[in-house]
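Trainee: Generate a structure from the sequence data that follows.
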Amino acid sequence: MIKNYLLITYRSMMKNKAFIIINVFGMGIALACCIVSYLAYQYDSDFDTVHKNGEHIYRVSVIRSFENTSTRFGYASLPLGEIMEKTFQDVDHSSLYTDSYSNFKREDDLFASRVSYVEPDFFQMFSFNFIAGSSDVIRDKSNVLISESMAVRLFNSPAEALGKTMTQVYGQELKEVKIAGIFQDPPMNSSFHKQGGLAFMNFENYKDEFPHAPENDWHQLGTLFIQINHTDRKDIVYKQLQPYIKNNNEVQENFQLAEFALDPFLSMAHHDRDEDVRSQTWGAPPVAAIIGSVIMSGLILLIACFNLTNTAIAISSRRLKEIGIRKVMGSVRIQLIIQFIGETTCACLLALIVGVALTNFLVEGWNLMTGNNIHLEVNYFDQPSILFFIIALLIITGIIAGSYPAFYISKFQPVSILKGKLKFGGTNYFTRSACNLPFH
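Mentor: Presented below is the predicted three-dimensional model:
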């Protein structure tokens, strides 16, 4: 029986090639838009999930009260990091993180370095995949750890970069540093992503770059990350932080704090985006880019489904005698419904093949349009969820586009069909609604 259904579907398509080709390409574009919007949604929802300890990591932020308005900042005073490391027993790991204004010099070439100063615990907290060397060498302040892309930029290949020395330049000062470790670049949907690659050095180098900054100065700000393995101790750490508000407010009269906050790392980038929080880390993409793409792709798909529905009804009007004879020969309505939905789903399957082929071109255009905010990649076999989405998209599209003609045509009585008394055509509520859709 299935073979018979497939044969009928094939013959019907061959008799209506022009209609099928037009709808397949139209539906293919709509499905490609849906796949791209899903990739954008997945890019946003997977932000920072690459770090295995992410659910136990928090950023210490401050809430400033000014003129009865509260503003959140993703910074904390640098002395607070040393205090937490020494006195907060419920904090398992902690690391200060701040950017440098220095550059790297190799022979006569000067490169923007994008160096970040971190403490040794940083690499125990966050997941970086080292392809050469190890994270332990960060304890030596003369070492620098760089990403694969920066190694290629500086020395053309990671193999050539490992063990080489460069000059770190800040102001008029020069300092020789050694490349002691190379790691894979984190994905763009990571808080630590930087254009041009990453470089990390021991936080002790901060004091060399800013030698005039006094010790225990609460004016000095940076990002402070902490790891609390037992999440039920988070409230205790939060309460222990609040007394240090006084330390800050006594020093910074123009920057009075109302509260220290613990921002969960996995939602930090989205929180920064929604409230426009100032921070040194890479934020999640604009929410309008994600929601807008989902809404627009949904509307485009809906229009393509209505077009395929109208085409299916038009094609079926030429097959009334076939339907009447099949009913006389014993076919029941459910068999006709399955056949018509199956025919539409086959057309959607062809459209899906076209859509998958078009997705790569749309992704390239999307990345050019969004610039540095979003960078999508198509990896169907590395991301099982996208395969489930594509299968679900095919089934849903086939049902939406094929249900109306299947139920509408299968209800006709064979006597009316064979006597030629059946009035087929005109408009109804469904077709009028389809024609009045926006952008249709």
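Trainee: On the three-state scheme, K234 is what?
Mentor: Look at K234: counting by DSSP: H, G, I helix; E, B strand; the rest coil, its state is helix.
Trainee: burial count for it?
Mentor: Counted with other Cβ atoms under 10 Å, residues neighbouring K234 total 16. All C-beta spots, glycine's among them, are computed from the backbone N, C-alpha and C.
Trainee: Report the distance from stretch 124-137 to the chain centre.
Mentor: Mean-position distance between stretch 124-137 and its chain equals 24 Å (Cα atoms, centre = their mean, to the nearest Å).
Trainee: That stretch: which residues count as buried?
Mentor: For stretch 124-137, a neighbour-count test (16 or more other Cβ atoms under 10 Å) marks M125, F126, F128, A132, G133, S135, V137 as buried.
Trainee: Could you identify the most distant pair in the residues you listed?
Mentor: Pairwise distances across those peak at 21.3 Å for M125 and A132 (criterion: Cβ to Cβ).
Trainee: and D274, how far is that from E176?
Mentor: Separation of D274 from E176 (Cβ to Cβ, to the nearest Å) stands at 44 Å.
Trainee: which stretches of the stretch 1-150 of the chain have low pLDDT?
Mentor: Across the stretch 1-150 of the chain, the ranges flagged by pLDDT under 70 are 1-16, 18.
Trainee: go with 90
Mentor: 1-24, 64-73, 75-78, 82, 85-86, 100-103, 105-114, 133 (pLDDT under 90).
Trainee: all strands of it, in order?
Mentor: Remark: strands assigned in the stretch 1-150 of the chain by DSSP state E, counting those that start in this stretch are 57-66, 69-73, 76-77, 93-99, 103-106, 109-112, 115-118, 130-133, 143-147.
Trainee: If you count neighbours, what's buried in the helix or strand where I353 lies?
Mentor: Using DSSP states H and E, I353 sits in helix 333-370. Across helix 333-370, burial judged by 16+ other Cβ under 10 Å covers 336-337, 339-348, 350-352, 354-356, 358-359, 362-363, 366-367, 370.
Trainee: helix or strand right after that helix?
Mentor: Remark: after helix 333-370, the chain's next helix or strand is helix 384-410, criterion DSSP H and E.
Trainee: Which strand or helix spans A180?
Mentor: Short version, using DSSP H and E: A180 is in strand 173-183.
Trainee: So what's the gap between the helix or strand that comes right after that strand and the chain middle?
Mentor: For strand 173-183, the following helix or strand on the C-terminal side (DSSP H and E) is strand 199-202. With Cα atoms, centre = their mean as the basis, strand 199-202 stands 27 Å off its chain's centre.
Trainee: by contact count, what packs against strand 199-202?
Mentor: The helices and strands touching strand 199-202, judged by 3 or more Cβ pairs under 8 Å, 6 or more residues apart in numbering; DSSP states H and E, are strand 115-118, strand 143-147.
Trainee: For these, give me a markdown table that also has distance to I35 and mean neighbour count.
Mentor: Formatted as a markdown table, those follow (distance: least, Cβ to Cβ, whole Å; neighbours: other Cβ atoms under 10 Å):
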| stretch | distance to I35 | mean neighbour count |
| --- | --- | --- |
| strand 115-118 | 35 | 24 |
| strand 143-147 | 29 | 25 |
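Trainee: ok, now which ones touch Q124?
Mentor: Neighbouring residues of Q124 by Cβ atoms under 8 Å, 6 or more residues apart in numbering: H93, S135, Q227.
Trainee: Report the contact partners of the nearest residue to the last one once chain neighbours are set aside.
Mentor: Leaving aside its sequence neighbours, Q227 sits nearest to H93 (Cβ to Cβ, 6 or more residues apart in numbering; 4.1 Å). Contacts for H93 (Cβ under 8 Å, 6+ apart) come out as D121, Q124, M125, I226, Q227.
Trainee: Please parse the protein into its domains.
Mentor: 2-47+286-435, 54-275 (automatic domain parsing).
Trainee: how far does the longest one sit from the chain's center?
Mentor: For domain 54-275, the distance from its own C-alpha centre to the chain's C-alpha centre is 23 Å (Cα atoms, centre = their mean).
Trainee: again, but for stretch 272-279
Mentor: So, by Cα atoms, centre = their mean, the centroid of stretch 272-279 is 17 Å from its chain's centroid.
Trainee: In it, which residues are buried?
Mentor: Going by neighbour count (16+ other Cβ under 10 Å), the buried part of stretch 272-279 is D272, R273, V277, S279.
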